[in-house]
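S.K.: sequence first, then the predicted structure:
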Amino acid sequence: MLEYVLRRLLYMLITIFAVASILFVIFRLLPGEATLQVISPAMDEAVQERMKAAFGLDKPLLQQYFIYLKNLVSLEWGRSFVSARRVIDILEYRFWNTVLLMAAGMCMTLMLGVGIGMVMAWKRNGPIDIIGTVTGLIFQAAPPFVTGLLLLMVLSYRLGLFPTGGMYPPGQRPDGVLELLFMPEFWHRIVLPTITVGLYYITTPMLIMRDSMLEVLGSDFIELAKAKGLKPRVVMIKHAARNALLAVVTLASIMVGFAIGGQVVVEALFSWPGMGQLMVESAASHDYPVAQGTFLMLAILVISLNFLTDVWYCYLDPRIKISASGLN
Amino acid sequence: MTDTNLLSVANLSVGYSTSQGVVNAVSDVSFDVRRNEVFGIAGESGCGKSTLIRALLRLLSNNGVSTATSITYEGEDVNSFSDDKFRDAILWKRISLVPQSAMNSLNPVYRVGDQVIEAIRAHRSVSRSEARERVEFLFDVVGLQPELMRSYPHEFSGGMRQRAMIAMSLALDPGLIIMDEPTTGLDVLVQEQILRRVREIRAEVSSSIILITHDIAVIAEMSDRISIMYGGKIVESATAIDLFESPFHPYTLGLKNAFPSISVMDNELISIPGTPPALIGEESGCLFEPRCPFSDATCAQILPQSHSVGEMHQVSCHRHTDVTELREKASKKSTWHC
């Protein structure tokens, strides 16, 4: 188990390194000088040169790359072209906002999806199965900005049940994540974006769970569990769902990556001050250091979540350990 | 209890509804299992052996429907039990199962020992450690080291899983253990070890066993009484000795021909030509008639009734009175393949 985790950890670090390198190349391949925002071509040649030197842009590319890597590790991610604040400070605040919303959305997606999918398979062709399949497909077909807008229109504007956006009431910016978590207003405001993300992503885990569950229900060990005289609920949850879950966990690690895409839309829609919104803002204002930092941070987030699902998978399926040591 | 029958099944039928119509996988099967005996059910694949067991344990899939005039177990009419009552009062506690594919019958994500403990604790209110002691004892009985309790099924060989399954079936001292093809898929040496172990256990516990197999050699070796199934019906029942020394039914005669004998060298194996019936829709006449070299006009039209031809020996064949002629002809290859 420990060996497997360490190996995964190593893979994770290598992947992050690769992503950082690719980002370095991409941001230097972008059309137009990335520095155009700060170093105006209207300025004096000598001033331009001096500013480039200040940014370290006069050095050879390879040297720049090593400085870049060193700075990444020491968390010197540069300053925003727009606000001149340190990128890492901007990200720190945004990061937790995104993580909170994503965690809420993913929890809803996975818990509900797995639960409903399990019951759908257990009562195959029953009303839950049929309604679940149809509504699931409808939600998957509806893009998050449509469901989000509908939710806003009905629940916020018409019924006034929820605020229309933001993470906290204007002017009450909390001091840190902990304070945020204790604000009732925060929980009130996270509901709609969570439902929007949740509904959009729920279909895949739900149908995968249903399928995987149907396959498991045909196994010999399920028949034996029934023959053992176990209660149907025990057979369904402890024996069938536990095995069917493996397919969903595999899926979850892939889904997390996709979820980032939906995250950008939902954050923009609900004015959620997360990294998705930051990505849109920084790209629009050509704030390259912030954009680069956001991309990297999102990549690290996805890769870390993949790592966590891998470890979880290993815990769920004891057979994994064998294949891990088999690699030696 | 004076009743010698542990289990009595009367007129059990199972139909599966399929897109091609209802498949009568088991029709009108009646049998008794006595206390402390091994009752063998033999027949080729698809003859309804496993369906019979599933129906008995109420494990049929949703499209299967079973009916029976009566099923009595230890004097209780279990046929009238609700599913919940049957599950709590009968399953595993009083009738346990060694399933057809022990290889895949253990849940891959739980430790083997825990799965046996689960069976115990589902029916008895004992502590985990008491249950564990019981499992250690059971593992010892079937010849597995108690440390193996902590292993996962994928760490076991086929023979070890089969032993674990047998240990599990013994967990609650059930009156009846149903073994569905317990040695299929194991190599001959492991088969022999398992069968020897089953025989040793038989000497110690008083459980009856229903042994289901297509392997005539295994069934002849293990059983006290045997029923031969063909096309979802029992065609002949007798004690093991009677069945092999004086068979009546042409199908039994054919089966005997098709198995090699170690004592008689060079005896040619004779197969039964044709294929088993599809069992869809209503059939009139004897189901074996299309493959039977001795059939006549009656056989094609009238379903043979069960005739008693000896002590504890029943056969469903119109020509049971001509048995001497049948036996003589059946041993010749030309009778079956012309």
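M.R.: Here it is on my side, so go on.

S.K.: what residues are up against residue A:193?
M.R.: Neighbouring residues of residue A:193 by Cβ atoms under 8 Å, 6 or more residues apart in numbering or on different chains: A:101, A:105, A:148, A:266, A:267, A:269, A:270, A:272. All C-beta atoms are positioned from the backbone trio N, CA, C, and that covers glycine.

S.K.: for residue B:119, that is, sorry about that
M.R.: A:228, A:229, B:92, B:168, B:171, B:172.

S.K.: among the residues you listed, name the ones in helices.
M.R.: residue B:168 (DSSP state H).

S.K.: I'd like to know which of the contacts of residue A:193 is nearest to chain B.
M.R.: Chain B lies nearest to residue A:105 out of the contacts of residue A:193, by Cβ to the nearest Cβ, at 27.8 Å.

S.K.: which residues of chain B lie near chain A?
M.R.: B:57, B:59, B:87-88, B:90-93, B:96-97, B:99-101, B:103-109, B:118-119, B:122-123, B:152, B:154-155, B:168 (Cβ under 8 Å from any Cβ of the partner chain).

S.K.: re earlier: of the contacts of residue B:119, which pair is most distant in space?
M.R.: Farthest pair in the contacts of residue B:119 (Cβ to Cβ) is A:229 and B:168. Separation: 12.1 Å.

S.K.: what about the two, which has more around it?
M.R.: Using other Cβ atoms under 10 Å in any protein chain shown, the more surrounded residue of residue A:229 and residue B:168 is residue B:168, with 29 against 23.

S.K.: tell me the spatial nearest neighbour of that one, not counting adjacent residues.
M.R.: Spatial nearest neighbour of residue B:168, chain neighbours left out: residue B:116 (4.8 Å); criterion: Cβ to Cβ, 6 or more residues apart in numbering or on different chains.

S.K.: ok, now residue A:251?
M.R.: Nearest to residue A:251 is residue A:208, by Cβ to Cβ, 6+ apart, at 5.3 Å.

S.K.: my guess is that neighbour contacts residue A:248. True?
M.R.: Yes: the pair residue A:208 / residue A:248 is scored as a contact, 5.7 Å apart, by Cβ atoms under 8 Å.

S.K.: give me every residue in chain A lying close to chain B.
M.R.: A:219-221, A:223-231, A:234, A:239, A:242-243, A:316-319, A:322.

S.K.: run a quick neighbour tally on residue A:288.
M.R.: 20.

S.K.: what does residue B:327 give?
M.R.: Residues near residue B:327, counting by other Cβ under 10 Å: 15.

S.K.: could you pull out the strands for the stretch 151-300 of chain B?
M.R.: B:176-180, B:208-213, B:225-230, B:233-239 (DSSP state E, counting those that start in this stretch).

S.K.: let me know the angle separating the first one from strand B:208-213.
M.R.: In this case it means strand B:176-180. 10 degrees (axes from the mean of the first three to the mean of the last three Cα atoms, to 10 degrees).

S.K.: who does strand B:176-180 touch, helix- and strand-wise?
M.R.: If contacts are counted by 3 or more Cβ pairs under 8 Å, 6 or more residues apart in numbering or on different chains; DSSP states H and E, strand B:176-180 sits against helix B:49-56, strand B:95-98, helix B:158-170, strand B:208-213.

S.K.: mean pLDDT and distance to residue A:311 for the ones you listed - can I get that in JSON lines?
M.R.: Shown next, in JSON lines, are the helices and strands packed on strand B:176-180 (pLDDT from 0 to 100; distance: least, Cβ to Cβ, whole Å):
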{"stretch": "helix B:49-56", "mean pLDDT": "92", "distance to residue A:311": "40"}
{"stretch": "strand B:95-98", "mean pLDDT": "94", "distance to residue A:311": "37"}
{"stretch": "helix B:158-170", "mean pLDDT": "92", "distance to residue A:311": "28"}
{"stretch": "strand B:208-213", "mean pLDDT": "93", "distance to residue A:311": "44"}
